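A.B. asks: structure for this input, please:
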Amino acid sequence: MDKKIIRKSVLKLRRNIKDEERGVWDKSIFDLLVNSKIYKDAQSIFIYVSCKDEVDTKEIIDYSLKNDKAIYVPKINIEDKTMKAIRIHSLNELYVNKYGILEPNIVDKNYIDSDFDLIVLPGIAFDKVGNRIGYGGGYYDKYLSVLECRINKVALAYGFQVLDNIEYEDHDIRVDYIITNKQLITI
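C.D. replies: Next up, the predicted model:
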């Protein structure tokens, strides 16, 4: 199935989740992540800041900061479609950019390029071999292409976002794990 069709149909499903159900699912995903070995072994985590109807990462970020993990979140540069990982110490350090995405208020301070133990990626759809469909900007594929491949990459998703297979291109970066509201899938 075409990526555009998958994006449209999965985003519609995600938008239509009832708040109560979303809360239960987000809690399940939170529990599966923070109780996993990949999370427990990680001291330095690069994680997206959730917006709109994505799996909630703000609780994960807050929990991680309280448990002395180094947390880095993306800061994007629209002009050249690049991204930096900026360390934060509180969710209060974030502001809403012109695209409605929370990101650090800091430009070039406290950023690193590759010293992570875990990367938590956003996405719209995933398949059982680790392929992902993002939002189409290519920020994560470009960013991850220069990192060491040994870094664990995990995607957070609701169960319906995991499909049997999706189209992929050679430059698409695969994830190593997918955590849904039902299970942790090891690729």
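
A.B. asks: just give the nearest non-adjacent residue to Q183, would you?
C.D. replies: Counting by C-beta to C-beta, 6 or more residues apart in numbering, L32 is the residue found nearest to Q183 once chain neighbours are left out, at 7.4 Å. (Each C-beta comes from the backbone N, C-alpha and C, glycine too.)

A.B. asks: return the set of buried residues in the one helix or strand the one you found maps to.
C.D. replies: Element membership of L32, judged by DSSP states H and E, is helix 19-34. Going by neighbour count (16 or more other C-beta atoms under 10 Å), the buried part of helix 19-34 is R22, W25, D26, S28, I29, F30, L32, L33.

A.B. asks: one more: stretch 46-63?
C.D. replies: Residues of stretch 46-63 classed as buried by neighbour count (16+ other C-beta under 10 Å): F46, I47, Y48, V49, S50, C51, E54, V55, D56, T57, I60, I61.

A.B. asks: from these, which has minimum pLDDT?
C.D. replies: Sorting these by pLDDT puts C51 at the bottom of the list (88).

A.B. asks: now the element after the helix or strand bottoming out on mean pLDDT in the chain, going C-ward?
C.D. replies: Using mean pLDDT, DSSP states H and E, strand 111-112 stands out as the lowest-scoring helix or strand of the chain, at a mean of 58. Past strand 111-112, heading to the C-terminal end, the next element that is a helix or strand (DSSP H and E) is strand 118-121.

A.B. asks: next, count neighbours for Y99.
C.D. replies: Neighbourhood size, Y99 [other C-beta atoms under 10 Å]: 10.

A.B. asks: swap in Q183?
C.D. replies: Neighbour count of Q183, defined by other C-beta under 10 Å: 12.

A.B. asks: and the strands in this protein?
C.D. replies: If DSSP state E is used as the criterion, the strands of the chain fall at 44-47, 70-77, 82-88, 94-96, 102-104, 111-112, 118-121, 125-127, 132-133, 152-156, 162-163, 177-179, 184-186.
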